[in-house]
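Visitor: My questions are about this predicted structure, shown below with the sequence.
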Amino acid sequence: MSPDAHDNTSGRIAGLKSLIREVPDFPKPGILFYDITTLLKDAAGLAALLDEMTAPHHDERPDLVLGIEARGFVFGPAMAVRLGCGFIPVRKPNKLPAGTVSVSYALEYGEDSIEAHEDAIQPGQRVLIVDDLLATGGTAAAACRLVEKLGGEVAALSFAVELNFLNGRARLPGYNIHTLLQYDE
């Protein structure tokens, strides 16, 4: 990459970060929340975010894009259209109307599950997993297990934001991960 290309990318990333509202002490004291709704309402910012999130995945040729509820539903369909493939919604339990396959995962206090339709992925299909945030990696790891349980192959994972200090990548060894906006604290 030429120095000019790096400067353009750095400038685009800084521009996107400037559209994210920082909310101190949410959802509890001591937490700095990065609110992407301010970026989503900016048409040019949203288009740039989608372009940047999609660009690394053209060569991977996914068959499907999987969006994790709820914000994966914002990015996933638009990325699927840009990549020329279909979209799969992954939801919390009891939200999908037909037969489902479920994967459970540990939370800080308890357990949760995600589901996809049992016919959502055909064996061997390459799937790009999309969500807004990579934090601790638990939901993303569950999505990978769900794809593999259905016989698919995880082509890559794509996130708008990564909170590096929560080390979510450690729960996703061996997977190709792309994040656009990274925060170290």
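Guide: Perfect, I can see it now. Residues are numbered from 1 along each chain as shown.
Visitor: Any idea what the residue nearest the centre of the chain is bridged to?
Guide: The centre of the chain sits closest to residue 131, judged by Cα atoms, centre = their mean, with a distance of 2.1 Å. When assigned by DSSP bridges, residue 131 has beta-bridge partners residue 159.
Visitor: residue contacts, it?
Guide: 67, 68, 71, 72, 75, 139, 140, 143, 157, 158, 159, 160 (Cβ atoms under 8 Å, 6 or more residues apart in numbering). C-betas here are computed from N, CA, C, even on glycine.
Visitor: Show the backbone phi and psi for the first one.
Guide: Dihedral angles phi and psi of residue 67 (degrees, to the nearest 10) take the values phi -110, psi 130.
Visitor: Could you measure from it over to residue 78?
Guide: 10 Å (Cβ to Cβ, to the nearest Å).
Visitor: More neighbours: which of these two?
Guide: residue 67 (26 against 20; other Cβ atoms under 10 Å).
Visitor: Quick check, pLDDT for that one.
Guide: pLDDT, residue 67: 98.
Visitor: and if you look at residue 10?
Guide: Residue 10 carries a pLDDT score of 75 in this model.
Visitor: what secondary structure does it sit in?
Guide: Here residue 10 is helix, with the state taken from DSSP: H, G, I helix; E, B strand; the rest coil.
Visitor: before we move on, what about residue 143?
Guide: Under three-state DSSP, residue 143 comes out as helix.
Visitor: wait, it sits on residue 69?
Guide: No: here residue 143 lies out of contact with residue 69, judged by Cβ atoms under 8 Å, at a distance of 10.2 Å.
Visitor: Mutual contacts of the two, please.
Guide: Contacts common to residue 143 and residue 69, judged by Cβ under 8 Å, 6+ apart, are 90, 114.
Visitor: Near residue 32, how many residues? Count them for me, please.
Guide: Neighbour tally, residue 32, other Cβ under 10 Å: 12.
Visitor: Please name the nearest non-neighbouring residue to residue 179.
Guide: The shortest distance from residue 179 to any non-neighbouring residue, by Cβ to Cβ, 6 or more residues apart in numbering, is to residue 162 (3.7 Å).
Visitor: Which residues are in contact with the one you found?
Guide: So residue 162 contacts 133, 134, 168, 169, 179, 181, 182, 183 (Cβ under 8 Å, 6+ apart).
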